[in-house]
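Student: Need coordinates for the below:
(chains A and B)
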Amino acid sequence: DAKTTQPPSMDCAEGRAANLPCNHSTISGNEYVYWYRQIHSQGPQYIIHGLKNNETNEMASLIITEDRKSSTLILPHATLRDTAVYYCIVRVASGDYKLSFGAGTTVTVRA
Amino acid sequence: KAGVTQTPRYLIKTRGQQVTLSCSPISGHRSVSWYQQTPGQGLQFLFEYFSETQRNKGNFPGRFSGRQFSNSRSEMNVSTLELGDSALYLCASSRGDHWTDTQYFGPGTRLTVL
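Tutor: The predicted structure follows:
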């Protein structure tokens, strides 16, 4: 599986943009980058995914570098409810349908 | 559209007992995956069912089993419970037609083994 590296934790001020980095230097050409988040003791929540183009939805934006070796999840206006563990996952093109979660980044939004 | 539902939400069992957890996927989704989350091991894949057949399996002992019904609802069974089986058990559903299909998670079942 393509390995991802994320910082273990980061703080963000409420109302400001939160930029969450993820390194995936061994990603292959047809592997997607997915982001999920997990608020304490709840099920992971899907945020966004992309292949090589930047993506935006109502929750966040995903910026993938041209060489695809890293990406950034952007929460444009962080709120206290965005406090969670954020997981960056590379979907392996093996067809085995599983998600491989790493340790993620614990994001704390402060008032 | 209703999300993924799991029952029960909380469960307390003793060592040696067995337990069955249930998952109802999003309407129209035919794939159900199960994951175990513990503080020490994080989120780990157990198995995935599609159209009543186990399609993928993680690295868990045979005490962990599952099945899927014709309406895509799935159950997971753990026999001869051990203390280390205490965990949050999560199921996720997807359309299942392609490996890139997004998986949507339920709220989980918190199992405590005493």
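Student: Output the below-cut-off pLDDT ranges for the chain.
Tutor: I'll assume chain A. Low-confidence segments of chain A, defined by pLDDT under 70: A:1-2, A:93-95.
Student: Let me rephrase: I mean chain B.
Tutor: For chain B, the stretches flagged by pLDDT under 70 are B:1.
Student: repeat that with 90
Tutor: B:1-2, B:40, B:96-101 (pLDDT under 90).
Student: Show me which residues of it are close to chain A?
Tutor: B:4, B:31, B:33, B:35, B:42-45, B:48, B:50, B:55-56, B:58, B:88, B:90, B:92, B:94, B:96, B:99-100, B:102-108, B:110 (Cβ under 8 Å from any Cβ of the partner chain). Yep, even glycine has a C-beta here, placed from its N, CA and C like the rest.
Student: Repeat the analysis, applying 7 Å as the threshold.
Tutor: B:31, B:33, B:42-43, B:45, B:48, B:55-56, B:58, B:88, B:90, B:99-100, B:102-108 (Cβ under 7 Å from any Cβ of the partner chain).
Student: Can you flag which of those belong to strands?
Tutor: B:31, B:33, B:42-43, B:45, B:48, B:55-56, B:88, B:90, B:104-105 (DSSP state E).
Student: coming back round to it: which of the residues of chain B next to chain A are buried, as a ChimeraX select command?
Tutor: Applying 16 or more other Cβ atoms under 10 Å in any protein chain shown to the residues of chain B next to chain A leaves a buried subset, and the ChimeraX line that selects it is:
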select /B:31,33,42,43,45,48,55,56,58,88,90,99,100,103,104,105,106,107,108
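Student: and B:Val19, bridged to which residues?
Tutor: B:Val78 (DSSP bridges).
Student: swap in B:Cys23?
Tutor: Note on B:Cys23: beta-bridge partners B:Gln6, B:Ser74, judged by DSSP bridges.
Student: right, and it touches B:Asn71 too?
Tutor: No - using Cβ atoms under 7 Å, B:Cys23 is not in contact with B:Asn71; the gap is 11.7 Å.
Student: quick one, which of the two is more surrounded?
Tutor: B:Cys23 (27 against 10; other Cβ atoms under 10 Å in any protein chain shown).
Student: show me what contacts the more buried one?
Tutor: B:4, B:6, B:32, B:73-74, B:91, B:106 (Cβ atoms under 7 Å, 6 or more residues apart in numbering or on different chains).
Student: Looking at the residues you listed, which is nearest chain A?
Tutor: Of all the contacts of B:Cys23, chain A sits closest to B:Gly106, with 5.2 Å by Cβ to the nearest Cβ.
Student: The closest residue to A:Tyr36 other than its chain neighbours - how many residues pack around it?
Tutor: Ranked by Cβ to Cβ, 6 or more residues apart in numbering or on different chains and with sequence neighbours excluded, the top spatial neighbour of A:Tyr36 is A:Pro44, at 4.2 Å. Taking other Cβ under 10 Å as the criterion, the count of residues near A:Pro44 is 28.
Student: Then A:Glu55?
Tutor: Here the number of neighbours of A:Glu55 (other Cβ under 10 Å) works out to 17.
Student: now residue 91, nearest residue through space, not along the chain?
Tutor: Since no chain was named, I'll use chain A. Closest to A:Arg91 by Cβ to Cβ, 6+ apart is A:Tyr32, at 4.5 Å.
Student: Switch to chain B, please.
Tutor: Leaving aside its chain neighbours, B:Cys91 sits nearest to B:Cys23 (3.6 Å; criterion: Cβ to Cβ, 6+ apart).
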